[in-house]
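Undergrad: below are the sequence and a predicted model for it; my questions follow.
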Amino acid sequence: MSMPYRKWSYIYPPRPKTAVPYGYIVRYRDGRWMAQLKLNGTRNLIAVSPEGDVEFWNRHGERHRAWTPTPAITEAVRRRFACGKWVVLDSELLHSKHASVKNTIYLFGALVLDNKWLVGETYESSYDKLASACGSPTVLVDGYGGFVSDAGDGLWLARMIENERWGDAWAVAESAPIVEGIVLKRVKAKLDMGRSADNNGSWMIRCRKSTKNFRF
């Protein structure tokens, strides 16, 4: 099930309610959950209009204050996703927090595709559509254990990680400063409307590594 989406209206991106230490995730190894790497960036909502206009928004419904989109990244998004219909994507902007990665977008969710708001669709289904829209990239970004795909021109795509490899993903998090941890997602959960800042949190769980600024 989906809903028509024919006019720009801000959608708050899904946000996990729960954060747990790595030792707790054993209880989620029941086949219903997959993981993705959580990179340390700024939440980034991408809107592509039917006319091909591209806009970038933060998770508060505002334009980014500490980053100005470059012509190159704007054109990369337009070239990849403009299709004569509305597209709204969920991602992380990698720019301000680590000197090693700049003007890069890490994609992991689709909220609107082809003028369809994907309310009622499972995360698994919406992710597959996002991966297809990215060209189903097979090239991997170095340094992330094979868990991040390179869609080209500053666009990265999170890969789904089965529970047998969560330990490998956690090892990447512990060794890579830009990786905060992993996010578990219940892949058969259905997308709700994002009309408030706290939404869709019941089917996502953050598992963050401890740092000098964050401890459980």
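TA: Arrived safely. Residues are numbered from 1 along each chain as shown.

Undergrad: in stretch 3-11, which residues are buried?
TA: By neighbour count, with 16 or more other C-beta atoms under 10 Å as the criterion, the buried positions of stretch 3-11 are 5, 11. Every residue, glycine included, has its C-beta placed from N, CA and C.

Undergrad: got the end-to-end distance for that stretch?
TA: 13 Å (C-alpha to C-alpha, to the nearest Å).

Undergrad: who touches it?
TA: With contact meaning C-beta atoms under 8 Å, 6 or more residues apart in numbering, stretch 3-11 is reached by 45, 47, 49, 57, 61, 86, 88, 111-112, 115-117, 119-120, 193-195.

Undergrad: PyMOL command for the buried members of those residues?
TA: In PyMOL, a selection of the buried entries from the contacts of stretch 3-11 looks like this (16+ other C-beta under 10 Å):
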select buried, resi 45+47+49+57+86+88+111+112+115+116+117+119+194
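
Undergrad: may I have the beta-bridge partners of residue 90?
TA: residue 45, residue 109 (DSSP bridges).

Undergrad: okay, it and residue 27: tell me how far apart.
TA: 26 Å (C-beta to C-beta, to the nearest Å).

Undergrad: ok, residue 188 next?
TA: Using C-beta to C-beta, residue 188 is found at 17 Å from residue 27.

Undergrad: one step back: okay, residue 90 and residue 27: which has more neighbours?
TA: Here residue 90 and residue 27 are compared on neighbour count by other C-beta atoms under 10 Å; more neighbours surround residue 90, at 21 against 10.

Undergrad: quick one: mean pLDDT for stretch 12-19?
TA: Stretch 12-19 shows a mean pLDDT of 93.

Undergrad: give me the element the residue nearest to residue 160 when sequence neighbours are not counted is part of.
TA: Of all residues not flanking residue 160 in the chain, residue 34 sits nearest, at 4.6 Å (C-beta to C-beta, 6 or more residues apart in numbering). Using DSSP states H and E, residue 34 sits in strand 33-39.

Undergrad: mind listing residues that contact that strand?
TA: Here strand 33-39 makes contact (C-beta under 8 Å, 6+ apart) with 92, 94, 106, 108, 124, 144, 147-148, 158-163, 166, 169, 172-173, 178-187, 205-208.

Undergrad: alpha carbons of that strand, as PDB, please.
TA: Taking C-alpha atoms only, strand 33-39 is exported to PDB below (Å, rounded to 0.1, in the frame of the first residue of the first chain):
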ATOM      1  CA  TRP A  33      16.100  -8.000  11.900                       C
ATOM      2  CA  MET A  34      18.800  -6.800   9.600                       C
ATOM      3  CA  ALA A  35      21.500  -4.300  10.300                       C
ATOM      4  CA  GLN A  36      23.200  -1.400   8.600                       C
ATOM      5  CA  LEU A  37      26.300   0.600   9.500                       C
ATOM      6  CA  LYS A  38      25.500   3.900  11.400                       C
ATOM      7  CA  LEU A  39      27.900   6.500  10.100                       C
END
